[in-house]
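**Q** got a structure for you, letters missing:
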(Lines give C-alpha, C1' and ligand atoms only; values in the text may rest on other atoms or scores of the structure.)
Protein backbone atom coordinates (compact mmCIF):
# COMPACT_ATOMS: atom_id res chain seq x y z
CA UNK A 1 0.00 0.00 0.00
CA UNK A 2 1.54 3.28 -1.13
CA UNK A 3 0.86 6.54 0.68
CA UNK A 4 -0.44 9.17 -1.73
CA UNK A 5 1.53 12.32 -2.45
CA UNK A 6 -1.30 14.43 -1.04
CA UNK A 7 -1.22 12.53 2.26
CA UNK A 8 2.55 12.95 2.55
CA UNK A 9 2.30 16.66 1.81
CA UNK A 10 -0.48 17.16 4.34
CA UNK A 11 1.44 15.30 7.03
CA UNK A 12 4.59 17.30 6.31
CA UNK A 13 2.75 20.63 6.40
CA UNK A 14 0.99 19.65 9.64
CA UNK A 15 4.32 18.74 11.25
CA UNK A 16 5.94 21.99 10.12
CA UNK A 17 3.09 24.10 11.46
CA UNK A 18 3.17 22.19 14.76
CA UNK A 19 6.88 22.93 15.08
CA UNK A 20 6.28 26.58 14.18
CA UNK A 21 3.52 26.79 16.80
CA UNK A 22 5.86 25.38 19.43
CA UNK A 23 8.60 27.88 18.54
CA UNK A 24 6.19 30.82 18.52
CA UNK A 25 4.67 29.72 21.82
CA UNK A 26 8.08 29.52 23.50
CA UNK A 27 9.02 32.93 22.09
CA UNK A 28 5.69 34.31 23.30
CA UNK A 29 6.38 33.03 26.83
CA UNK A 30 9.90 34.50 26.74
CA UNK A 31 8.52 37.89 25.63
CA UNK A 32 5.82 37.76 28.28
CA UNK A 33 8.40 37.02 30.98
CA UNK A 34 10.67 39.88 29.89
CA UNK A 35 7.83 42.39 29.58
CA UNK A 36 6.60 41.47 33.05
CA UNK A 37 10.07 41.84 34.55
CA UNK A 38 10.68 45.17 32.81
CA UNK A 39 7.32 46.46 33.99
CA UNK A 40 8.21 45.43 37.55
CA UNK A 41 11.56 47.18 37.29
CA UNK A 42 9.85 50.35 36.09
CA UNK A 43 7.49 50.25 39.08
CA UNK A 44 10.36 49.61 41.50
CA UNK A 45 12.52 52.38 40.04
CA UNK A 46 9.66 54.87 40.18
CA UNK A 47 9.08 54.22 43.89
CA UNK A 48 12.79 54.03 44.59
CA UNK A 49 13.50 57.39 42.95
CA UNK A 50 10.76 59.07 44.96
CA UNK A 51 12.20 57.71 48.21
CA UNK A 52 15.73 58.55 47.04
CA UNK A 53 14.84 62.17 46.35
CA UNK A 54 13.24 62.60 49.75
CA UNK A 55 16.10 60.79 51.51
CA UNK A 56 18.69 62.97 49.81
CA UNK A 57 16.88 66.12 50.94
CA UNK A 58 16.63 64.78 54.50
CA UNK A 59 20.35 63.94 54.63
CA UNK A 60 21.29 67.33 53.17
CA UNK A 61 19.42 69.08 56.01
CA UNK A 62 22.13 67.95 58.43
CA UNK A 63 22.02 66.18 61.78
CA UNK A 64 22.17 62.45 62.38
CA UNK A 65 21.17 60.95 59.02
CA UNK A 66 19.97 57.68 60.53
CA UNK A 67 17.63 59.38 62.98
CA UNK A 68 16.48 61.86 60.34
CA UNK A 69 15.65 59.14 57.79
CA UNK A 70 13.90 57.00 60.38
CA UNK A 71 11.71 59.79 61.73
CA UNK A 72 10.93 61.72 58.56
CA UNK A 73 7.18 61.61 57.93
CA UNK A 74 7.54 61.97 54.16
CA UNK A 75 9.70 58.85 53.89
CA UNK A 76 7.47 57.01 56.35
CA UNK A 77 4.40 57.87 54.27
CA UNK A 78 5.99 56.57 51.06
CA UNK A 79 7.21 53.39 52.73
CA UNK A 80 3.79 52.62 54.18
CA UNK A 81 2.01 53.20 50.86
CA UNK A 82 4.18 50.84 48.78
CA UNK A 83 1.16 48.67 47.85
CA UNK A 84 -0.34 51.64 46.01
CA UNK A 85 2.51 51.61 43.49
CA UNK A 86 1.92 48.05 42.33
CA UNK A 87 0.47 44.75 43.48
CA UNK A 88 3.86 43.09 43.14
CA UNK A 89 5.69 45.55 45.44
CA UNK A 90 6.38 43.70 48.70
CA UNK A 91 8.44 46.28 50.58
CA UNK A 92 10.62 49.36 50.32
CA UNK A 93 13.50 50.13 52.64
CA UNK A 94 16.45 52.41 53.30
CA UNK A 95 19.52 50.45 54.42
CA UNK A 96 23.06 51.40 55.38
CA UNK A 97 26.25 50.04 53.81
CA UNK A 98 26.04 46.88 55.92
CA UNK A 99 22.46 46.16 54.89
CA UNK A 100 21.04 47.16 58.28
CA UNK A 101 17.56 48.63 57.95
CA UNK A 102 17.24 52.34 58.71
CA UNK A 103 13.63 52.65 57.57
CA UNK A 104 11.30 49.98 56.26
CA UNK A 105 7.71 49.48 55.15
CA UNK A 106 7.38 47.30 58.25
CA UNK A 107 8.83 49.28 61.19
CA UNK A 108 9.40 46.11 63.24
CA UNK A 109 12.27 45.19 60.86
CA UNK A 110 14.16 48.45 61.48
CA UNK A 111 17.58 47.86 63.01
CA UNK A 112 17.84 44.34 61.58
CA UNK A 113 20.00 43.23 58.68
CA UNK A 114 18.00 42.88 55.48
CA UNK A 115 19.16 40.00 53.30
CA UNK A 116 19.30 41.14 49.68
CA UNK A 117 17.12 39.52 47.07
CA UNK A 118 18.13 38.83 43.51
CA UNK A 119 18.96 41.96 41.52
CA UNK A 120 16.27 42.57 38.92
CA UNK A 121 18.70 44.44 36.68
CA UNK A 122 21.06 41.45 36.67
CA UNK A 123 18.16 39.14 35.83
CA UNK A 124 17.11 41.32 32.89
CA UNK A 125 20.69 41.54 31.61
CA UNK A 126 20.84 37.73 31.58
CA UNK A 127 19.25 35.25 29.21
CA UNK A 128 15.71 33.95 28.94
CA UNK A 129 16.48 30.82 30.98
CA UNK A 130 17.73 32.94 33.88
CA UNK A 131 14.63 35.14 33.72
CA UNK A 132 12.30 32.14 33.83
CA UNK A 133 14.30 30.69 36.73
CA UNK A 134 14.04 33.97 38.65
CA UNK A 135 10.29 34.14 38.09
CA UNK A 136 9.73 30.64 39.46
CA UNK A 137 12.22 30.94 42.32
CA UNK A 138 10.88 31.69 45.80
CA UNK A 139 12.95 34.86 46.13
CA UNK A 140 12.19 38.55 46.03
CA UNK A 141 13.55 40.56 43.12
CA UNK A 142 15.22 43.78 44.23
CA UNK A 143 15.58 47.19 42.61
CA UNK A 144 18.52 48.94 44.29
CA UNK A 145 19.40 52.65 44.15
CA UNK A 146 22.71 53.63 45.86
CA UNK A 147 22.48 56.43 48.43
CA UNK A 148 25.37 58.76 49.27
CA UNK A 149 26.28 61.06 52.14
CA UNK A 150 28.24 63.78 50.39
CA UNK A 151 30.76 61.92 48.24
CA UNK A 152 30.83 58.80 50.40
CA UNK A 153 28.50 55.80 49.99
CA UNK A 154 25.92 55.80 52.76
CA UNK A 155 23.59 52.94 51.89
CA UNK A 156 20.85 52.19 49.39
CA UNK A 157 17.16 52.33 48.63
CA UNK A 158 15.80 48.83 48.12
CA UNK A 159 12.43 47.97 46.63
CA UNK A 160 11.37 44.32 46.81
CA UNK A 161 9.19 42.91 44.05
CA UNK A 162 7.35 39.60 44.00
CA UNK A 163 7.43 37.56 40.75
CA UNK A 164 4.14 35.81 41.61
CA UNK A 165 2.00 37.94 39.27
CA UNK A 166 4.39 37.34 36.36
CA UNK A 167 4.34 33.64 37.21
CA UNK A 168 0.53 33.69 37.05
CA UNK A 169 0.64 35.40 33.65
CA UNK A 170 2.96 32.70 32.32
CA UNK A 171 0.70 29.97 33.73
CA UNK A 172 -2.33 31.51 32.02
CA UNK A 173 -0.40 31.68 28.75
CA UNK A 174 0.71 28.04 29.07
CA UNK A 175 -2.82 26.65 29.39
CA UNK A 176 -4.05 27.43 25.85
CA UNK A 177 -0.71 26.31 24.40
CA UNK A 178 -0.88 22.93 26.15
CA UNK A 179 -4.58 22.52 25.36
CA UNK A 180 -4.05 23.29 21.66
CA UNK A 181 -1.07 20.95 21.46
CA UNK A 182 -3.05 18.17 23.15
CA UNK A 183 -6.09 18.77 20.95
CA UNK A 184 -4.09 18.65 17.73
CA UNK A 185 -1.93 15.68 18.67
CA UNK A 186 -4.73 13.60 20.24
CA UNK A 187 -6.05 12.03 16.99
CA UNK A 188 -2.59 10.83 15.97
CA UNK A 189 -1.77 9.55 19.45
CA UNK A 190 -5.09 7.73 19.78
CA UNK A 191 -4.77 6.07 16.38
CA UNK A 192 -1.19 5.01 17.16
CA UNK A 193 -2.26 3.48 20.48
CA UNK A 194 -5.25 1.66 18.98
CA UNK A 195 -3.18 0.26 16.11
CA UNK A 196 -0.45 -0.78 18.55
CA UNK A 197 -2.97 -2.65 20.71
CA UNK A 198 -4.58 -4.38 17.70
CA UNK A 199 -1.20 -5.42 16.32
CA UNK A 200 -0.17 -6.77 19.73
CA UNK A 201 -3.35 -8.84 19.95
CA UNK A 202 -2.85 -10.11 16.40
CA UNK A 203 0.77 -11.08 17.09
CA UNK A 204 -0.25 -12.85 20.30
CA UNK A 205 -2.87 -14.88 18.40
CA UNK A 206 -0.75 -15.72 15.37
CA UNK A 207 2.72 -15.89 17.03
CA UNK A 208 4.04 -13.65 14.22
CA UNK A 209 6.75 -11.39 15.65
CA UNK A 210 7.80 -9.53 12.52
CA UNK A 211 9.10 -6.06 13.44
CA UNK A 212 7.42 -4.37 10.49
CA UNK A 213 4.05 -5.62 11.74
CA UNK A 214 4.19 -2.94 14.45
CA UNK A 215 5.96 -0.16 12.60
CA UNK A 216 4.25 -0.07 9.21
CA UNK A 217 0.59 -0.02 10.39
CA UNK A 218 1.34 2.86 12.74
CA UNK A 219 2.98 4.87 9.99
CA UNK A 220 0.07 4.24 7.64
CA UNK A 221 -2.41 5.16 10.40
CA UNK A 222 -0.62 8.44 11.15
CA UNK A 223 -0.58 9.41 7.47
CA UNK A 224 -4.25 8.52 7.16
CA UNK A 225 -5.18 10.72 10.14
CA UNK A 226 -3.04 13.55 8.81
CA UNK A 227 -4.70 13.29 5.41
CA UNK A 228 -8.23 13.24 6.85
CA UNK A 229 -7.86 15.73 9.71
CA UNK A 230 -4.96 17.80 8.38
CA UNK A 231 -7.10 20.84 7.40
CA UNK A 232 -8.74 20.92 10.83
CA UNK A 233 -5.40 20.51 12.62
CA UNK A 234 -3.82 23.26 10.54
CA UNK A 235 -6.79 25.57 11.10
CA UNK A 236 -6.69 25.00 14.86
CA UNK A 237 -2.99 25.79 15.05
CA UNK A 238 -3.30 28.86 12.83
CA UNK A 239 -6.19 30.22 14.94
CA UNK A 240 -4.14 29.73 18.10
CA UNK A 241 -1.14 31.50 16.55
CA UNK A 242 -3.31 34.44 15.47
CA UNK A 243 -4.78 34.78 18.98
CA UNK A 244 -1.32 34.58 20.51
CA UNK A 245 0.09 37.28 18.21
CA UNK A 246 -2.92 39.49 18.92
CA UNK A 247 -1.82 39.71 22.58
CA UNK A 248 1.56 41.25 21.70
CA UNK A 249 0.26 44.86 21.51
CA UNK A 250 -1.31 44.48 24.96
CA UNK A 251 1.99 43.14 26.33
CA UNK A 252 3.84 46.23 25.08
CA UNK A 253 1.54 48.67 26.92
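**A** Nice, I can see it. These figures come from a predicted structure and were not determined experimentally.

**Q** Going by C-alpha atoms from here, please, whenever you check contacts or count neighbours.
**A** OK.

**Q** Report the secondary structure element holding residue 147.
**A** Secondary structure from DSSP states H and E places residue 147 in strand 141-149.

**Q** can you pull out the strands in the stretch 151-253 of the chain?
**A** Per DSSP state E, counting those that start in this stretch, the stretch 151-253 of the chain carries strands over the ranges 152-161.

**Q** so where do the helices sit in it?
**A** 164-206, 212-246, 248-251 (DSSP state H, counting those that start in this stretch).

**Q** Mean neighbour count and mean pLDDT added to these, as a markdown table?
**A** Shown next, in a markdown table, are those (neighbours: other Cα atoms under 10 Å; pLDDT from 0 to 100):
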| stretch | mean neighbour count | mean pLDDT |
| --- | --- | --- |
| helix 164-206 | 15 | 79 |
| helix 212-246 | 16 | 76 |
| helix 248-251 | 10 | 54 |
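
**Q** how about the ones you listed in TSV, adding distance to residue 71?
**A** Supplementary listing: those in TSV, determined by distance: least, Cα to Cα, whole Å:
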stretch	distance to residue 71
helix 164-206	32
helix 212-246	50
helix 248-251	40
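
**Q** Which positions in the strand holding residue 147 come out as buried?
**A** 141, 142, 143, 144, 145, 147, 148 (16 or more other Cα atoms under 10 Å).

**Q** Just want the angle from that strand to strand 152-161.
**A** 160 degrees (axes from the mean of the first three to the mean of the last three Cα atoms, to 10 degrees).

**Q** Tell me which residue is most central in the protein.
**A** Central residue of the chain (Cα atoms, centre = their mean): residue 33, 3.7 Å from the mean position.

**Q** Now do the buried residues in stretch 40-50.
**A** Buried, per 16+ other Cα under 10 Å, within stretch 40-50: 40, 41, 43, 44, 45, 47, 48.

**Q** do the same with stretch 109-121
**A** Buried residues in stretch 109-121 (16+ other Cα under 10 Å): 110, 114, 117, 118, 119, 120.

**Q** My guess is the third one contacts residue 160. True?
**A** The reference is to residue 117. Yes. Assessed by Cα atoms under 8 Å, residue 117 is found in contact with residue 160 at 7.5 Å.

**Q** so how far is the lengthiest helix in the chain from its chain's centroid?
**A** Scanning the chain for the helix with the most residues, using DSSP state H, yields helix 5-60. Distance of helix 5-60 from the chain centroid (Cα atoms, centre = their mean, to the nearest Å) equals 7 Å.
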